[in-house]
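Enquirer: fold the following, please.
(2 chains)
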Amino acid sequence: MGLLSKKDAALITDPFADNNPITIQVLGICSALAITAELKASIVMAVSVLFVMGVGNVVISLMRNIIPSKIRIIAQLIVVATLVIIVDLVLKAVAYDLSKTLGAFIGLIITNCIIMGRFEAFALANGPWRSFLDGIGNAVGYGVILILVGFFRELLGSGTLLGFKVLGDPIEKTGLYALGYENNGFMLLAPMALIVVGIIIWIQRSRNEALIEEN
Amino acid sequence: MSKRTDSNLYTLLFATGMVIVVGSLLAFLASSLKPTIDENKRIEKQQNILYAMGVNENDESSAIFVSKDKVAGEFSKYITKQIVIQGGKTTEDENAYLIDVKKQQTAEKEGKERKLPLFIGEKDGKTFYIAPIRGKGLWDAVWAYVGMDENMVIQGAYFDHKGETAGLGANIKLRFFMDDFIGENLKNDGNFKGIAISKSNNDPKNIDKTDNEVDAIAGATITGDGVSAMIKSELRKYVPYFKTLKTN
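Expert: Alright, predicted model coming up:
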């Protein structure tokens, strides 16, 4: 037997494809639309959510037997908010430059519905180790889509990747721009992110028969 | 089946306990990290001011500040004088850079006399006048340090923001936007006019430095308008001081 049993391994791999939080469960769309105008922001958000989700799921799982069911949502919110504030404060003190880059995202993590969704659906009913795997799995599934959307939006919208001008200079007209290529400014706006997510969902569904719904 | 955790008393106790634990944890963390965070902010201010007078470690494309360990030395070397302008009077204050522009703006709204800090630097025989300004973007505050010469021609600018949209409004702190301001004249025919963030795109390479315009960022209209408004209303307040420079 390997490090993970088959059931545990599925916790990591399922959200990656067949049960992806964004493309199948359609959760966490708000941040997927808001911050994917550039690749760097997508990566930063993906890593931050990975951290909060992994730790948060473990904390909720450890507390699952003492949280009163009447106020469990509030208790979950407090756990996320506390984690996020701790990360924010520590970053400001230790890695100020990084915290400047993260800036607005830190607050956005709290509102990410995938986190609350996993707390509610998984961590409240499972042990810490399995909850940790579930958190990581979902965060990775979320991050992959975020990075994919960020990649296409930055490439087609600004002609750059991570700030590097990969397609040439649009003002000096070098590279692709010399051939008459133009950046698509619409890619930078939120509606285009929705369309990109839609295309990803379409491709995923058409390739996977298990996901095709009968009418 | 009713569980122990379902009772009202337990719920109340749990809620109270959780609030106390979380509250004191966060309060302890915030107060113990505050000195370090304040120090980081102070260093950042010095870095921003130096950046606006061209003291930085920029490479070809990105904006890089002088390093943290060098900043104190560079600041005292280049910034020769810090002044506070208040109601026509000018006083020297070696900690003028610590003045909170936001608080001064609030004081002004309440009808009090506002303190306007101005930092005067010397580099390669040239004098720079650096003003901190603050305004509103799309989501939250935007601010800038603008370095000018005695004729109010911009010599360098550093823009920053609290929460503008990544990839759009957030790009005001990138070189391609900030560098466009260098050489732009804030005045037109001797009168203060400001600099507008223009979408008309007549001059995308920004060759004309007297048009009082720089090229806008696509998709960041409101942030751009906020920056235009901030430059216009805030730097105008410094015009009387620059007039006194002429008569001396």
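Enquirer: from chain A, how far off is B:Leu245?
Expert: 34 Å (CB to the nearest CB, to the nearest Å). All C-beta atoms are positioned from the backbone trio N, CA, C, and that covers glycine.
Enquirer: go on, B:Gly111?
Expert: Separation of B:Gly111 from chain A (CB to the nearest CB): 33 Å.
Enquirer: tally up the residues packed near that residue, please.
Expert: 6 (other CB atoms under 10 Å in any protein chain shown).
Enquirer: residues from chain B in reach of chain A?
Expert: With CB under 8 Å from any CB of the partner chain as the criterion, chain B comes near chain A at residues B:3, B:5-6, B:10-11, B:14-15, B:18-19, B:22, B:25-26, B:29-30, B:33, B:36-37, B:40, B:43-44, B:61-62, B:139, B:162-168, B:204-205, B:218-219.
Enquirer: what about 6 Å?
Expert: B:5, B:10-11, B:14-15, B:22, B:26, B:29, B:33, B:36-37, B:40, B:163, B:166-168, B:204, B:218-219 (CB under 6 Å from any CB of the partner chain).
Enquirer: buried ones from those residues, can you make that a ChimeraX selection?
Expert: The buried residues among those can be selected in ChimeraX (16 or more other CB atoms under 10 Å in any protein chain shown) with this line:
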select /B:11,14,15,29,33,37,40,163,166,167,168,218,219
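Enquirer: from the residues of chain B next to chain A, which land in strands?
Expert: With DSSP state E as the criterion, strands contain none of the residues of chain B next to chain A.
Enquirer: which residues touch the closest residue to chain B within chain A?
Expert: Proximity of chain A to chain B (CB to the nearest CB) peaks at A:Ala37, 2.7 Å away. A:Ala37 is in contact with A:Arg153, A:Leu188, B:Ala166, B:Gly167, B:Leu168, counting by CB atoms under 6 Å, 6 or more residues apart in numbering or on different chains.
Enquirer: got it, and A:Met192?
Expert: A:Phe186.
Enquirer: render the CA-only coordinates of the strand or helix carrying it in PDB, please.
Expert: Assessed by DSSP states H and E, A:Met192 sits inside helix A:190-207. Extracted C-alpha coordinates of helix A:190-207, given in PDB (Å, rounded to 0.1, in the frame of the first residue of the first chain):
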ATOM      1  CA  ALA A 190     -15.100  40.000 -16.400                       C
ATOM      2  CA  PRO A 191     -17.700  38.800 -19.100                       C
ATOM      3  CA  MET A 192     -14.900  37.200 -21.100                       C
ATOM      4  CA  ALA A 193     -13.700  35.300 -18.000                       C
ATOM      5  CA  LEU A 194     -17.200  33.800 -17.800                       C
ATOM      6  CA  ILE A 195     -17.000  32.800 -21.500                       C
ATOM      7  CA  VAL A 196     -13.600  31.300 -21.000                       C
ATOM      8  CA  VAL A 197     -14.900  29.300 -18.000                       C
ATOM      9  CA  GLY A 198     -17.800  28.300 -20.100                       C
ATOM     10  CA  ILE A 199     -15.500  27.000 -22.900                       C
ATOM     11  CA  ILE A 200     -13.500  25.000 -20.400                       C
ATOM     12  CA  ILE A 201     -16.700  23.400 -19.000                       C
ATOM     13  CA  TRP A 202     -17.900  22.600 -22.500                       C
ATOM     14  CA  ILE A 203     -14.600  20.900 -23.500                       C
ATOM     15  CA  GLN A 204     -14.500  19.000 -20.200                       C
ATOM     16  CA  ARG A 205     -18.100  17.800 -20.600                       C
ATOM     17  CA  SER A 206     -17.800  16.800 -24.200                       C
ATOM     18  CA  ARG A 207     -14.700  14.700 -23.500                       C
END
